[in-house]
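Asker: I'd like to go over a predicted model; first the sequence, then the structure.
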Amino acid sequence: MDLVEKINDLCLQTNQTVTKREGYIDWCEYFMAVAVLAAKRSKDPSCQVGACIVNKDNIIVGVGYNGMPIGCSDDEFPWSKNTSSPLDNKHLYVCHAEVNAILNKNSSDVKGCSIYVGLFPCNECAKVIIQSGIKEVVYLSDKNAHKIEYIASKRMFDSAKVIYRQFIPQRSKIEINFEVDWELTSPKK
Ligand SMILES: O=c1ccn([C@H]2C[C@H](O)[C@@H](COP(=O)(O)O)O2)c(=O)[nH]1
Ligand SMILES: [Zn+2]
(Lines give C-alpha, C1' and ligand atoms only; values in the text may rest on other atoms or scores of the structure.)
(Ligands and ions follow the chains in the order given, each with its own letter.)
Protein backbone atom coordinates (compact mmCIF):
# COMPACT_ATOMS: atom_id res chain seq x y z
CA MET A 1 0.00 0.00 0.00
CA ASP A 2 1.51 3.37 -1.00
CA LEU A 3 1.19 6.60 0.98
CA VAL A 4 -1.91 7.88 -0.88
CA GLU A 5 -3.61 4.54 -0.42
CA LYS A 6 -2.80 4.60 3.31
CA ILE A 7 -4.20 8.15 3.58
CA ASN A 8 -7.32 7.12 1.62
CA ASP A 9 -7.70 4.13 3.86
CA LEU A 10 -7.59 6.41 6.90
CA CYS A 11 -10.09 8.80 5.22
CA LEU A 12 -12.43 5.91 4.54
CA GLN A 13 -12.29 4.86 8.16
CA THR A 14 -13.02 8.42 9.34
CA ASN A 15 -15.60 9.28 6.64
CA GLN A 16 -13.39 11.97 5.01
CA THR A 17 -13.09 12.71 1.25
CA VAL A 18 -11.13 10.07 -0.61
CA THR A 19 -8.97 11.11 -3.59
CA LYS A 20 -8.25 8.87 -6.55
CA ARG A 21 -5.15 6.73 -6.30
CA GLU A 22 -1.93 7.83 -7.97
CA GLY A 23 0.53 5.77 -9.95
CA TYR A 24 -2.08 4.23 -12.21
CA ILE A 25 -0.95 3.44 -15.76
CA ASP A 26 -2.13 5.66 -18.60
CA TRP A 27 -3.84 4.36 -21.76
CA CYS A 28 -0.66 4.11 -23.83
CA GLU A 29 1.17 2.25 -21.07
CA TYR A 30 -1.81 -0.06 -20.69
CA PHE A 31 -2.06 -0.93 -24.39
CA MET A 32 1.68 -1.37 -24.83
CA ALA A 33 1.77 -3.51 -21.69
CA VAL A 34 -0.96 -5.72 -23.21
CA ALA A 35 1.18 -6.06 -26.35
CA VAL A 36 4.26 -6.92 -24.28
CA LEU A 37 2.25 -9.43 -22.22
CA ALA A 38 0.89 -11.07 -25.38
CA ALA A 39 4.48 -11.44 -26.64
CA LYS A 40 5.17 -13.68 -23.65
CA ARG A 41 2.96 -16.29 -25.34
CA SER A 42 5.37 -16.47 -28.29
CA LYS A 43 7.41 -19.66 -28.74
CA ASP A 44 9.98 -17.93 -30.96
CA PRO A 45 13.28 -18.36 -29.07
CA SER A 46 14.96 -15.32 -30.61
CA CYS A 47 12.25 -12.66 -30.95
CA GLN A 48 8.87 -12.38 -29.22
CA VAL A 49 6.46 -9.79 -30.65
CA GLY A 50 3.02 -8.82 -29.36
CA ALA A 51 0.38 -6.50 -30.81
CA CYS A 52 -2.73 -4.87 -29.37
CA ILE A 53 -5.37 -3.10 -31.51
CA VAL A 54 -7.43 -0.35 -29.93
CA ASN A 55 -10.43 1.53 -31.27
CA LYS A 56 -11.22 5.25 -30.90
CA ASP A 57 -13.09 4.55 -27.64
CA ASN A 58 -9.96 2.99 -26.09
CA ILE A 59 -11.47 -0.48 -26.35
CA ILE A 60 -9.13 -3.34 -27.20
CA VAL A 61 -10.46 -5.10 -30.29
CA GLY A 62 -7.62 -7.49 -31.09
CA VAL A 63 -4.49 -8.99 -29.56
CA GLY A 64 -1.89 -11.26 -31.15
CA TYR A 65 1.69 -12.52 -31.03
CA ASN A 66 4.04 -14.21 -33.45
CA GLY A 67 3.48 -17.92 -33.73
CA MET A 68 2.95 -20.86 -36.02
CA PRO A 69 -0.34 -21.01 -37.94
CA ILE A 70 -3.22 -22.98 -36.41
CA GLY A 71 -2.70 -26.67 -37.15
CA CYS A 72 1.06 -26.26 -37.60
CA SER A 73 2.50 -27.63 -34.37
CA ASP A 74 5.03 -25.32 -32.72
CA ASP A 75 6.81 -28.49 -31.56
CA GLU A 76 7.20 -29.75 -35.12
CA PHE A 77 7.74 -26.63 -37.26
CA PRO A 78 11.23 -25.11 -37.17
CA TRP A 79 12.26 -22.16 -35.00
CA SER A 80 15.69 -21.64 -36.58
CA LYS A 81 16.54 -19.02 -39.13
CA ASN A 82 20.13 -19.97 -40.05
CA THR A 83 19.48 -23.40 -41.48
CA SER A 84 21.25 -25.41 -44.15
CA SER A 85 17.88 -26.31 -45.65
CA PRO A 86 15.99 -23.17 -46.71
CA LEU A 87 12.72 -25.02 -46.17
CA ASP A 88 13.50 -25.24 -42.45
CA ASN A 89 13.64 -21.49 -41.93
CA LYS A 90 11.03 -20.24 -39.43
CA HIS A 91 10.38 -17.13 -41.53
CA LEU A 92 8.53 -19.28 -44.07
CA TYR A 93 5.98 -20.27 -41.45
CA VAL A 94 5.58 -17.82 -38.57
CA CYS A 95 2.45 -15.65 -38.52
CA HIS A 96 3.43 -12.19 -37.45
CA ALA A 97 1.95 -10.59 -34.32
CA GLU A 98 0.26 -7.74 -36.20
CA VAL A 99 -1.47 -10.08 -38.65
CA ASN A 100 -2.63 -12.35 -35.82
CA ALA A 101 -4.00 -9.34 -33.90
CA ILE A 102 -5.96 -8.22 -36.97
CA LEU A 103 -7.26 -11.74 -37.65
CA ASN A 104 -8.21 -12.11 -33.96
CA LYS A 105 -10.35 -8.95 -34.01
CA ASN A 106 -13.60 -9.13 -32.08
CA SER A 107 -15.17 -6.19 -33.92
CA SER A 108 -16.52 -6.06 -37.46
CA ASP A 109 -13.45 -4.19 -38.64
CA VAL A 110 -10.42 -2.26 -37.35
CA LYS A 111 -10.89 0.89 -39.45
CA GLY A 112 -9.50 3.99 -37.73
CA CYS A 113 -7.89 1.91 -34.96
CA SER A 114 -4.39 2.14 -33.48
CA ILE A 115 -2.05 -0.82 -33.20
CA TYR A 116 0.43 -1.06 -30.33
CA VAL A 117 3.31 -3.35 -31.18
CA GLY A 118 6.63 -4.28 -29.57
CA LEU A 119 8.56 -4.10 -32.82
CA PHE A 120 8.09 -1.78 -35.78
CA PRO A 121 6.08 -3.72 -38.41
CA CYS A 122 7.78 -5.39 -41.37
CA ASN A 123 6.66 -4.61 -44.93
CA GLU A 124 4.27 -7.59 -45.07
CA CYS A 125 2.55 -6.49 -41.85
CA ALA A 126 2.55 -2.88 -43.06
CA LYS A 127 0.54 -3.91 -46.12
CA VAL A 128 -2.04 -5.72 -43.98
CA ILE A 129 -2.20 -2.85 -41.48
CA ILE A 130 -2.88 -0.39 -44.29
CA GLN A 131 -5.46 -2.60 -46.01
CA SER A 132 -7.31 -3.19 -42.73
CA GLY A 133 -7.81 0.56 -42.22
CA ILE A 134 -5.63 0.92 -39.11
CA LYS A 135 -4.54 4.56 -38.96
CA GLU A 136 -1.86 4.63 -36.25
CA VAL A 137 1.10 2.44 -35.31
CA VAL A 138 2.67 2.83 -31.85
CA TYR A 139 5.85 0.81 -31.47
CA LEU A 140 8.49 0.18 -28.81
CA SER A 141 11.55 -0.89 -30.77
CA ASP A 142 12.73 0.08 -34.23
CA LYS A 143 15.77 -2.22 -34.11
CA ASN A 144 15.36 -3.23 -37.75
CA ALA A 145 15.14 0.32 -39.10
CA HIS A 146 18.20 -0.18 -41.34
CA LYS A 147 16.69 -3.20 -43.16
CA ILE A 148 14.95 -2.65 -46.50
CA GLU A 149 11.72 -4.33 -45.38
CA TYR A 150 11.33 -1.73 -42.66
CA ILE A 151 12.31 1.17 -44.87
CA ALA A 152 9.60 -0.10 -47.24
CA SER A 153 7.09 -0.16 -44.35
CA LYS A 154 7.73 3.52 -43.65
CA ARG A 155 7.46 4.36 -47.33
CA MET A 156 4.04 2.68 -47.46
CA PHE A 157 2.84 4.18 -44.16
CA ASP A 158 3.87 7.67 -45.32
CA SER A 159 2.08 7.24 -48.62
CA ALA A 160 -1.05 5.76 -47.04
CA LYS A 161 -1.02 8.39 -44.26
CA VAL A 162 -0.70 5.89 -41.45
CA ILE A 163 0.84 7.71 -38.50
CA TYR A 164 3.64 5.94 -36.66
CA ARG A 165 5.22 6.99 -33.40
CA GLN A 166 7.57 5.45 -30.90
CA PHE A 167 6.32 4.76 -27.39
CA ILE A 168 8.84 6.17 -24.92
CA PRO A 169 8.22 4.47 -21.57
CA GLN A 170 8.06 6.77 -18.55
CA ARG A 171 8.69 3.79 -16.28
CA SER A 172 10.92 0.83 -16.97
CA LYS A 173 8.50 -1.82 -15.77
CA ILE A 174 4.93 -2.52 -14.77
CA GLU A 175 4.69 -5.32 -12.27
CA ILE A 176 2.07 -8.04 -12.42
CA ASN A 177 1.83 -9.66 -9.03
CA PHE A 178 -0.45 -12.64 -8.64
CA GLU A 179 0.12 -12.57 -4.89
CA VAL A 180 -2.09 -9.55 -4.22
CA ASP A 181 -3.13 -9.22 -0.61
CA TRP A 182 -6.81 -8.32 -1.06
CA GLU A 183 -7.16 -7.73 2.68
CA LEU A 184 -4.79 -4.75 2.36
CA THR A 185 -6.24 -3.33 -0.87
CA SER A 186 -9.96 -3.46 -0.07
CA PRO A 187 -11.65 -0.87 2.12
CA LYS A 188 -12.22 -1.89 5.73
CA LYS A 189 -15.80 -2.12 6.90
O1 LIG B 1 6.51 -7.25 -38.21
C2 LIG B 1 6.97 -8.25 -37.61
C3 LIG B 1 8.25 -8.70 -37.81
C4 LIG B 1 8.66 -9.86 -37.23
N5 LIG B 1 7.82 -10.56 -36.44
C6 LIG B 1 8.25 -11.83 -35.86
C7 LIG B 1 8.57 -12.90 -36.85
C8 LIG B 1 9.61 -13.72 -36.18
O9 LIG B 1 8.96 -14.71 -35.36
C10 LIG B 1 10.34 -12.72 -35.30
C11 LIG B 1 11.59 -12.19 -35.92
O12 LIG B 1 12.57 -13.14 -35.73
P13 LIG B 1 14.13 -12.82 -35.97
O14 LIG B 1 14.83 -13.95 -35.27
O15 LIG B 1 14.43 -11.49 -35.34
O16 LIG B 1 14.35 -12.81 -37.44
O17 LIG B 1 9.43 -11.61 -35.14
C18 LIG B 1 6.55 -10.10 -36.18
O19 LIG B 1 5.76 -10.72 -35.45
N20 LIG B 1 6.17 -8.93 -36.76
ZN1 LIG C 1 5.55 -8.54 -40.03
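Answerer: Yep, that arrived. Residues are numbered from 1 along each chain as shown. Ligands and ions are numbered 1, 2, ... in the order given.
Asker: can we go C-alpha only for contacts and neighbour counts from here?
Answerer: OK.
Asker: For the helix or strand residue 164 falls within, give the mean pLDDT please.
Answerer: Secondary structure assigned from DSSP states H and E places residue 164 in strand 163-166. Mean pLDDT, strand 163-166: 98.
Asker: And it, what does it pack against?
Answerer: Counting contacts by 3 or more Cα pairs under 8 Å, 6 or more residues apart in numbering; DSSP states H and E, strand 163-166 packs against strand 136-141.
Asker: Which element is encountered next along the chain beyond the strand holding residue 164?
Answerer: Using DSSP H and E, the helix or strand that follows strand 163-166 in sequence is helix 182-185.
Asker: SS state for the residue most central in space within the chain?
Answerer: The residue lying closest to the centre of the chain (Cα atoms, centre = their mean) is residue 35, at 1.6 Å. Under the three-state scheme (DSSP: H, G, I helix; E, B strand; the rest coil), residue 35 adopts helix.
Asker: any idea how far ligand 1 is from it?
Answerer: Computed with Cα to the nearest ligand atom, to the nearest Å, the distance linking residue 35 and ligand 1 is 11 Å.
Asker: Flag every buried residue along the strand holding residue 164.
Answerer: For strand 163-166, the buried set under the neighbour-count rule, 16 or more other Cα atoms under 10 Å, comprises 164, 166.
Asker: Was I right to think residue 102 contacts residue 110?
Answerer: Yes - judged on Cα atoms under 8 Å, residue 102 makes contact with residue 110 at a distance of 7.4 Å.
Asker: sorry, back to before: now the strand holding residue 164, how far from the chain's geometric center?
Answerer: Centroid displacement of strand 163-166 relative to its chain, using Cα atoms, centre = their mean, to the nearest Å, is 14 Å.
Asker: which SS state does residue 30 fall under?
Answerer: Secondary structure assignment for residue 30 (three-state DSSP): helix.
Asker: show me what contacts residue 124?
Answerer: By Cα atoms under 8 Å, 6 or more residues apart in numbering, the contact list for residue 124 reads residue 153.
Asker: which stretch of helix or strand covers it?
Answerer: Per DSSP H and E: helix 123-132 holds residue 124.
Asker: mind listing the helices for the chain?
Answerer: 3-13, 27-39, 97-103, 123-132, 148-160, 182-185 (DSSP state H).
Asker: and these as a markdown table, adding mean pLDDT and distance to residue 61?
Answerer: As requested, the helices of the chain are arranged in a markdown table below (pLDDT from 0 to 100; distance: least, Cα to Cα, whole Å):
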| stretch | mean pLDDT | distance to residue 61 |
| --- | --- | --- |
| helix 3-13 | 70 | 32 |
| helix 27-39 | 98 | 11 |
| helix 97-103 | 98 | 9 |
| helix 123-132 | 99 | 13 |
| helix 148-160 | 98 | 21 |
| helix 182-185 | 78 | 30 |
